[in-house]
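Peer 1: one predicted model, sequence on top.
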Amino acid sequence: MIKSSKFNIGQKVRHKLLGFLGIIIDIDIKYSLSKKKNKNLNNIKKFNKYPWYHVIIQDNNGYPIYLYLSELQLIWNYKKKYINYSILNKLSKKIKNNLKLKN
């Protein structure tokens, strides 16, 4: 079975339940951390059927926070720019420019 990811590196996404905005910085086709951080995820096999994403979000003070999320926890974000998320806007633009240079 070939897995493909729904989202791309540099893409802005939102957490389905919590609503925070993030930027995808890397993709794992399957869960790849050495130990499961959330014991509840051990019991939910459906999460392991989908890719996992390394995501950077911005906290209320403007500091970046790293998260590791399943594709099932994310939704596509349609807005191109966010006034209150300057770090995320810059990061998204830089990642997309770097990807263009490699091609």
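Peer 2: Arrived safely, thanks for sending.
Peer 1: D26 reaches F7, doesn't it?
Peer 2: No. Contact criterion CB atoms under 8 Å: D26 and F7 do not qualify, at 11.1 Å. (Each C-beta comes from the backbone N, C-alpha and C, glycine too.)
Peer 1: hey, what's in contact with both of these two?
Peer 2: Both D26 and F7 are in contact with Y53, where contact means CB atoms under 8 Å, 6 or more residues apart in numbering.
Peer 1: which one's more surrounded, these two?
Peer 2: The neighbour count for D26 versus F7, taken as other CB atoms under 10 Å, is higher for F7 (18 against 13).
Peer 1: would you agree that one is in contact with L72?
Peer 2: No. F7 is beyond contact range of L72, at 11.7 Å (criterion: CB under 8 Å).
Peer 1: roughly how far does the residue nearest to Y31 when sequence neighbours are not counted sit from K100?
Peer 2: With sequence-adjacent residues excluded and distances taken as CB to CB, 6 or more residues apart in numbering, Y31 is closest to W52, at 5.2 Å. Counting by CB to CB, to the nearest Å, the gap between W52 and K100 amounts to 25 Å.
Peer 1: swap in Y66?
Peer 2: 24 Å.
Peer 1: cool, L18 as well?
Peer 2: L18 is 31 Å from K100, by CB to CB.
Peer 1: what pairs with the closest residue to N8 other than its chain neighbours across the strands?
Peer 2: Take N8 and drop its neighbours on the chain: the residue closest to it by CB to CB, 6+ apart is I24, 6.7 Å away. Applying DSSP bridges to I24 gives these bridge partners: V55.
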